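**Q** Kindly return the folded structure for what I paste below:
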Amino acid sequence: MGKSKVLVVGGTGYMGRRMVRASLAEGHETYVLQRPEIGLDIDKVQMLLSFKKQGARLLQASFSDHRSLVDAVKKVDVVICTMSGVHFRSHNLLVQLKLVEAIKDAGNVKRFLPSEFGMDPARMGNALEPGRVTFDEKMEVRKAIQEANIPFTYVSANCFAGYFAGNLSQMGTLLPPRDKVTLYGDGNVKVVYVDEDDVATYTVKTIDDPRTLNKTVYLRPPDNILSQRELIEKWEKLSGRQLDKFSLSEHDLLSSMKDLDLAGQVGVGHFYHIFYEGCLTNFEIGEHEEEASRLYPEVNYTRMDEYLKIYL
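**A** The predicted structure follows:
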């Protein structure tokens, strides 16, 4: 069976560029949506042109032009949406709902992967406000997908290493602390850290796999299921420097929310669910669910001790 033709929506974004590279590396005929709204953003224009040099094809379409979206979707078999979650509250939701409508009207797509790639929203029904809206909106997209009978795969990639590992899971920085580090509670709750390039590799492998059709795929590479303490120990061993550790109680973390803007409150809420509740690892993978590293043992995923070396 031949490989699917893949359209990446949001291809110039943080995860999108990785999906484009992974799709090309897997030998898929790869298309990237080029929107007129890109305007004078020279970095994005040059990135699109670099994709073209690598063998990708650019498809012009706009979310304000339904017919153009339908025409773009008709050229492919699989659509991967990687629109950024930074457009907090409704923008991302509206864009994805328009994409679902285009896929429904095109009628030819054999797999749609919506923009998720974090915590599984189906397990976050009791999430704190205001961050809960991010999960509710993803569930609204899922509802639209399933009502339209669009074949899907949902990917739950847990914690991106660039945002959670390199900084030893410290809020407000993307670099490892030099002297002291904050532990969330006792720092022993298990978390899943995944290199973003590995997220893309695993994601692209699912698209032609019948085992992942209409299922949620969790990325839980076993060597990367670590507590925050274990992550810090890896850094201390690599750097040869011991960090002073300070424990932040659940109460103090949640109390800090009142002094933050909306985005900060969302971030604190997500940290609470990950590092205190253990929402990434406190459940067993069950029916209609798969785990990526079991499905694709050939992927030599990046271990966090190796990943952290780039910060030395």
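
**Q** ok, and Pro177, which helix or strand is that part of?
**A** Per DSSP states H and E, Pro177 falls between elements, in no helix or strand.

**Q** so what's it up against?
**A** Neighbouring residues of Pro177 by Cβ atoms under 8 Å, 6 or more residues apart in numbering: Asn167, Leu168, Gln170, Leu243. In this view, the C-beta of every residue, glycine as well, is placed from N, C-alpha and C.

**Q** Put the buried members of these into a PyMOL selection.
**A** Command for PyMOL that selects the buried part of the contacts of Pro177, burial taken from 16 or more other Cβ atoms under 10 Å:
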select buried, resi 167+168+170+243
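
**Q** Mind picking the one among the contacts of Pro177 that's closest to Ser115?
**A** Asn167 (23.5 Å; Cβ to Cβ).

**Q** Wait, that closest one touches Leu174, no?
**A** Yes - using Cβ atoms under 8 Å, Asn167 and Leu174 qualify as a contacting pair, with a distance of 5.3 Å.

**Q** Not counting sequence-adjacent ones, nearest residue to Ser68?
**A** Ala61 (4.0 Å; Cβ to Cβ, 6 or more residues apart in numbering).

**Q** so what's the backbone phi/psi at the one you found?
**A** phi -160, psi 160 (degrees, to the nearest 10).

**Q** Quick check: the nearest residue to Asp120 once chain neighbours are set aside vs Met139, distance?
**A** Distances taken as Cβ to Cβ, 6+ apart place Ser156 nearest to Asp120, at 4.2 Å, with adjacent residues excluded. Distance of Ser156 to Met139, given as Cβ to Cβ, to the nearest Å: 13 Å.

**Q** which stretches of the chain have low pLDDT?
**A** 1, 85-89 (pLDDT under 70).

**Q** how about 50 then?
**A** 86-88 (pLDDT under 50).

**Q** Residue nearest the middle of it, spatially speaking?
**A** Phe117 (2.6 Å; Cα atoms, centre = their mean).

**Q** what's near enough to touch that residue?
**A** Contacts of Phe117 by Cβ under 8 Å, 6+ apart are Met15, Thr82, Val155, Ser156, Ala157, Val199, Thr203.

**Q** a strand runs through it, doesn't it?
**A** No - with DSSP: H, G, I helix; E, B strand; the rest coil as the criterion, Phe117 is coil rather than part of a strand.

**Q** For Phe135, see how far away Tyr307 is.
**A** For Tyr307 relative to Phe135 (Cβ to Cβ), the value is 27 Å.
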